[in-house]
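Peer 1: Sequence first, then the predicted structure:
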Amino acid sequence: LISTFHLSNPFTLVAPELSQIRTDLVRLLGSAHPGLDEIASYYFLRPSKQLRPLLILLFSQATNGLGKDWPLKKWTSEQPCPGGRSEYLDTALSRPNVLNDWNPAMQDKTTFYDPTFSLSLPPTSTELPHPPSSIFSSTDRGITSPASILPTQMRLAQIVEMVHAASLLHDDVIDESPLRRGSASAPQVFGNKFSVLGGNFILGRASAALARLGDPEVTQLIASVIANLVEGEILQMQDVESAEDVLAVPSSQIAQNAWKMYLQKTYMKTASLMAKGARSAVVLGGCADGEIYKELRTRTVVTSELRSSLLTTSLTTEAVEDTLGKPGGADLQLGLATGPALYAWEEHPEMGPLIERKFRELGDVELARDLVRKSAGVERTRALAIAYATQARDVLQPLPESEARAALEALTERVIKRRS
Ligand code: FPP
Ligand code: MG
Ligand code: MG
């Protein structure tokens, strides 16, 4: 299927909205305490890629107006989609609880735990009969191009940014990090106590804004993200099981567990916010009961696509950094074994004990880096990242063609090419 739309820079499509989100955020965080204002807005006043709001805005644009009956019926500006929010709210309370949607027992383990297995799954894009793209051009859908983004979706993007910033304030305390994006971190400037309090304050404001959206499913989704962030952080702190003789056999259960934990941790710490944020955007757009939403969920797009691109982001960044040999060691220094190190372990069993003791001993980080360089760890991680991104592209296929979908597709490509 050849797309009518091509976008090389996914950010340009919603650039004005992204900048408005930033400006208004600082207002949302205003308090009666200038000191608190300073901490709360500290991470919002420096340049940021705004990847999370970008995903929310693009998913909003790509699905707004599709309504319940797409692809069987299309809506026009004369006959707008009736699946709006009021109708949605009536049914929202009867929906199943989504707090547990990251429950390994409820997931298709094969597509998540075992990266190589998931890659051999057949492409899902052939399963859904695709309507002729001409029927669903953006004007036919009754949506001017770019499709309008609802005020609730703009607010959602801000809430997601707030949750992210709160987690970074806490993270920089936990990691004792002096820097964030090249400048002094909040704990460096304000101290640990104020950074923790600042993070809590932002979470409070985010919760109030969430309540005001008045959507129970979205509230549950975002609340569960906050829990996921903490779970991810805790997972990261857990040791890889130790037993030196077993660690020397990289194909062992322990090595598989290390992969499992790495992927699970990445989902919790990073992908969950993007995935559930995007899902919330689709819900707010009134598509939650519609065919397209079911289709997206069946393919676990809204969760899996984002999870995939997020894994990709994280895997690729680490791979590239390891190639360059620069802060690549950052993860190792924190005792974390990521993609390249885990692959290197398969080729060099000596990596096992280093992973087990979290690269704690003098010279461990350098040794681990050498082993990564000697191995195909970086190339294999990159290949894995590309495969995830390809899957991510596939799952966008049921969406009608639009600039927003093209931008999401472009994003999966950028994620692979990203250098920083
Ligand atoms: C950055 O990871 C940290 C996160 C993405 C999440 C951290 C989560 C918590 C501290 C739990 C508390 C959560 C809330 C909502 C208050 P990193 O340290 O690997 O990367 P970075 O520091 O280099 O960005
Ligand atoms: Mg950190
Ligand atoms: Mg951290």
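Peer 2: Received, thanks. For clarity, every value in this text was computed on a predicted model and none was experimentally measured. Ligands and ions are numbered 1, 2, ... in the order given.
Peer 1: which other residues reach the helix or strand containing A15?
Peer 2: Using DSSP states H and E, A15 sits in helix 15-28. Identification of contacts with helix 15-28 by C-beta atoms under 8 Å, 6 or more residues apart in numbering yields 11, 41, 44-45, 50, 53-54, 57, 149, 154, 157-158, 161-162, 205, 209. In this view, the C-beta of every residue, glycine as well, is placed from N, C-alpha and C.
Peer 1: just checking, next helix/strand downstream of the top helix by length along the chain?
Peer 2: Using DSSP state H, we find that the single longest helix of the chain is helix 151-174. With elements assigned by DSSP H and E, the helix or strand that comes after helix 151-174 is strand 179-180.
Peer 1: That next one: partners in the sheet, and parallel or antiparallel?
Peer 2: The strands beside strand 179-180 in its sheet (DSSP bridges) come out as strand 183-184 (antiparallel).
Peer 1: thinking again about what came up before, buried subset of the contacts of helix 15-28, written for ChimeraX?
Peer 2: Filtering these down to the buried ones (16 or more other C-beta atoms under 10 Å) takes a single ChimeraX command:
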select :11,41,44,50,53,54,57,149,154,157,158,161,162,205,209
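Peer 1: Flag every buried residue along stretch 340-349.
Peer 2: Residues of stretch 340-349 classed as buried: 340-345, 347-348 (neighbour count, 16+ other C-beta under 10 Å).
Peer 1: for that stretch, what is the average pLDDT?
Peer 2: Averaging pLDDT along stretch 340-349 gives 87.
Peer 1: Could the C-alpha coordinates of that stretch be exported in PDB?
Peer 2: Provided in PDB are the C-alpha atoms of stretch 340-349 (Å, rounded to 0.1, in the frame of the first residue of the first chain):
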ATOM      1  CA  PRO A 340      24.200  -4.900  23.800                       C
ATOM      2  CA  ALA A 341      25.600  -6.400  27.100                       C
ATOM      3  CA  LEU A 342      23.000  -9.200  27.100                       C
ATOM      4  CA  TYR A 343      23.800 -10.200  23.500                       C
ATOM      5  CA  ALA A 344      27.600  -9.900  24.300                       C
ATOM      6  CA  TRP A 345      27.000 -12.400  27.100                       C
ATOM      7  CA  GLU A 346      25.900 -15.000  24.600                       C
ATOM      8  CA  GLU A 347      29.100 -14.700  22.800                       C
ATOM      9  CA  HIS A 348      31.400 -14.200  25.800                       C
ATOM     10  CA  PRO A 349      30.400 -16.100  28.900                       C
END
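Peer 1: is whichever helix or strand comes after the helix holding A15 anywhere near ligand 1?
Peer 2: Heading C-terminal from helix 15-28, the first helix or strand you meet, by DSSP H and E, is helix 34-42. No - figure legend: helix 34-42 not in contact with ligand 1 (C-beta under 6 Å from any ligand atom); closest approach 12.9 Å.
Peer 1: neighbouring contacts of helix 34-42?
Peer 2: 25-26, 29-31, 169, 186, 189-190, 194-195, 197-198, 201-202, 205.
Peer 1: Now with 6 Å, please.
Peer 2: The contact list for helix 34-42 (C-beta atoms under 6 Å, 6 or more residues apart in numbering) reads 26, 29, 31, 186, 190, 194, 198, 201-202.
Peer 1: Can you give me the buried ones in the helix holding A15?
Peer 2: 17-18, 21, 25, 28.
Peer 1: mind putting those in a markdown table, pLDDT and distance to ligand 3 included?
Peer 2: Below are the buried residues of helix 15-28 laid out as a markdown table (pLDDT from 0 to 100; distance: C-beta to the ion, whole Å):
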| residue | pLDDT | distance to ligand 3 |
| --- | --- | --- |
| E17 | 93 | 29 |
| L18 | 94 | 25 |
| I21 | 92 | 25 |
| L25 | 88 | 23 |
| L28 | 83 | 25 |
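Peer 1: Just the closest of these to ligand 2, please.
Peer 2: L25 (21.5 Å; C-beta to the ion).
Peer 1: do you know how far the closest one is from E161?
Peer 2: The gap separating L25 from E161 is 6 Å, by C-beta to C-beta, to the nearest Å.
Peer 1: With A278 instead?
Peer 2: For A278, the distance to E161 - C-beta to C-beta - is 14 Å.
Peer 1: Check S31 too.
Peer 2: For S31, the distance to E161 - C-beta to C-beta - is 17 Å.
Peer 1: ditto for P47
Peer 2: On the measure of C-beta to C-beta, P47 and E161 end up 14 Å apart.
Peer 1: what's the answer for N228, then?
Peer 2: As judged by C-beta to C-beta, N228 and E161 stand 17 Å apart.
Peer 1: just D37 next, same as before
Peer 2: D37 is 16 Å from E161, by C-beta to C-beta.
Peer 1: The helix or strand encompassing S224 - contacts with which helices or strands?
Peer 2: Using DSSP H and E, S224 sits within helix 216-237. Judged by 3 or more C-beta pairs under 6 Å, 6 or more residues apart in numbering; DSSP states H and E, the packing partners of helix 216-237 are helix 253-266, helix 272-284.
Peer 1: Report the rounded mean pLDDT for the last one.
Peer 2: Read that as helix 272-284. 85.
Peer 1: and it with helix 216-237, angle?
Peer 2: Counting by axes from the mean of the first three to the mean of the last three C-alpha atoms, to 10 degrees, helix 272-284 points 170 degrees away from the direction of helix 216-237.
Peer 1: now check helix 272-284, is it near ligand 1?
Peer 2: No - Helix 272-284 lies out of reach of ligand 1 by C-beta under 6 Å from any ligand atom, never closer than 7.9 Å.
Peer 1: now that helix and helix 151-174, what's the angle there?
Peer 2: If you take the same axes, to 10 degrees, helix 272-284 sits at 170 degrees to helix 151-174.
Peer 1: Using neighbour counts, pick out the buried residues of helix 272-284.
Peer 2: For helix 272-284, burial by neighbour count (16+ other C-beta under 10 Å) applies to 272-284.
Peer 1: between these, which is nearest E413?
Peer 2: Nearest to E413 among those, counting by C-beta to C-beta, is M274 at 16.8 Å.
Peer 1: quick one: that closest one from G339, how far?
Peer 2: Taking C-beta to C-beta, one finds M274 at 19 Å from G339.
Peer 1: same question, Q158
Peer 2: To G339, Q158 is 32 Å away according to C-beta to C-beta.
Peer 1: just L168 next, same as before
Peer 2: Remark: distance between L168 and G339 (C-beta to C-beta) = 22 Å.
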